[in-house]
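Asks: predicted model follows, preceded by the sequence.
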Amino acid sequence: MAHLDLATLVPRSRLQQLARDWLAEDAPWLDIAGWAASRRSCGHQEEAVLLCKSAGVLAGSPFFQAVCEETGCTVEWEHRDGEWLEPVTKVATIRGRVNDLLLAERPALNSLSRVSGVATLAREATQKAKATGWTGIVTGTRKTTPGFRLPEKYGMLVGGAGTHRYGTNDLVMLKDNHVWAMGGVKEALAGVRSLAGHTLKVEVECRSLEEALQAAAAGADLVMLDNLSSESLHSAALAVKSSYPSIVIEASGGVTLSTLQQFLGPHVDMVSMGCLTQGSPSIDFSMKLIHGLHNPMPDSTH
């Protein structure tokens, strides 16, 4: 997945909407500093360079470019999403009026840094899992930053991980609170099947082998074994698969890079990791006007 060109995956209309929202949040009123900076250039086109200053996977170029284009700037890329970058690497050249470049700078960098961080952690997790010979899928979860789910899910894909479900409508998941509210696993499944029909798959979060077997017997498509010990997880997965070989088994609950291998096994099809979004670092990018690079500010002590 990391080697595929995913830059056209996000619809242009959605990119524009996100870019406008981020710019409106960052610059809701008069841009006095940008106006003052632009007076010297008299509205002429200027250039800035995008630099990667820490090691990681490049991801998020569609979001960076959408912000720049929304302010009237253009971007010329020298690297593509999915590439591993070492510091210091020139990633792109951005052209536009000074005030437009400055207006785009922070929202564009924020999105690129965050998405690249998610992709970097996803790449590390998937490579660690594959190195063991495990053939399953490492996925993310819905534990995403409010308003930023789409970019973070995109980062997972660039990093090679699965996205799991985007929201509550592309997979019916019965979590513990659903099961408790409806009186049990069997009752919960019966309650959703009348609406889910045959087009939506249903997953049930289970805390024990007993619940997992109940869910499988009642027609669940996926069973999530949540917060089980390593020994209990793999014995439960074996027991469910032995009776229901076509069911998909997901392991979840506090999975980190350091504990990931404990969740991998021949009867586990998926391991979901909330830390792909909740614990990912930000990759350090900066945007510098070429004029400023060639003419550094004088030492204030002289």
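Replies: Arrived safely. Numbering: from 1, shown residues only.
Asks: what is the mean pLDDT for stretch 151-170?
Replies: Per-region confidence: stretch 151-170 scores 95 on mean pLDDT.
Asks: send the alpha carbons of that stretch over as PDB?
Replies: Output of stretch 151-170 as PDB, limited to C-alpha atoms (Å, rounded to 0.1, in the frame of the first residue of the first chain):
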ATOM      1  CA  PRO A 151      -6.500  13.000   6.800                       C
ATOM      2  CA  GLU A 152      -5.500  10.500   9.600                       C
ATOM      3  CA  LYS A 153      -7.200   7.600   7.800                       C
ATOM      4  CA  TYR A 154      -5.400   8.600   4.600                       C
ATOM      5  CA  GLY A 155      -2.200   8.600   6.600                       C
ATOM      6  CA  MET A 156      -2.900   5.000   7.700                       C
ATOM      7  CA  LEU A 157      -3.300   3.900   4.100                       C
ATOM      8  CA  VAL A 158      -0.100   5.600   3.000                       C
ATOM      9  CA  GLY A 159       1.700   3.900   5.900                       C
ATOM     10  CA  GLY A 160       0.400   0.500   4.800                       C
ATOM     11  CA  ALA A 161      -2.200  -0.100   7.500                       C
ATOM     12  CA  GLY A 162      -5.900  -0.700   7.100                       C
ATOM     13  CA  THR A 163      -8.400   2.000   8.100                       C
ATOM     14  CA  HIS A 164     -11.000  -0.300   9.700                       C
ATOM     15  CA  ARG A 165     -14.300   1.600   9.500                       C
ATOM     16  CA  TYR A 166     -14.400   5.300   8.700                       C
ATOM     17  CA  GLY A 167     -17.600   5.800  10.700                       C
ATOM     18  CA  THR A 168     -20.600   4.000  12.200                       C
ATOM     19  CA  ASN A 169     -22.300   3.500   8.900                       C
ATOM     20  CA  ASP A 170     -19.800   1.400   6.900                       C
END
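Asks: and the helix ranked longest in the chain, average pLDDT?
Replies: When the chain is parsed with DSSP state H, its longest helix is helix 98-130. For helix 98-130, mean pLDDT rounds to 98.
Asks: the next helix or strand after it - contacts with which helices or strands?
Replies: Note on helix 98-130: by DSSP states H and E, the next helix or strand toward the C-terminus is strand 137-139. When contacts are defined as 3 or more Cβ pairs under 8 Å, 6 or more residues apart in numbering; DSSP states H and E, strand 137-139 packs onto helix 98-130, strand 270-272. Placement of C-beta: from N, CA and C, glycine included.
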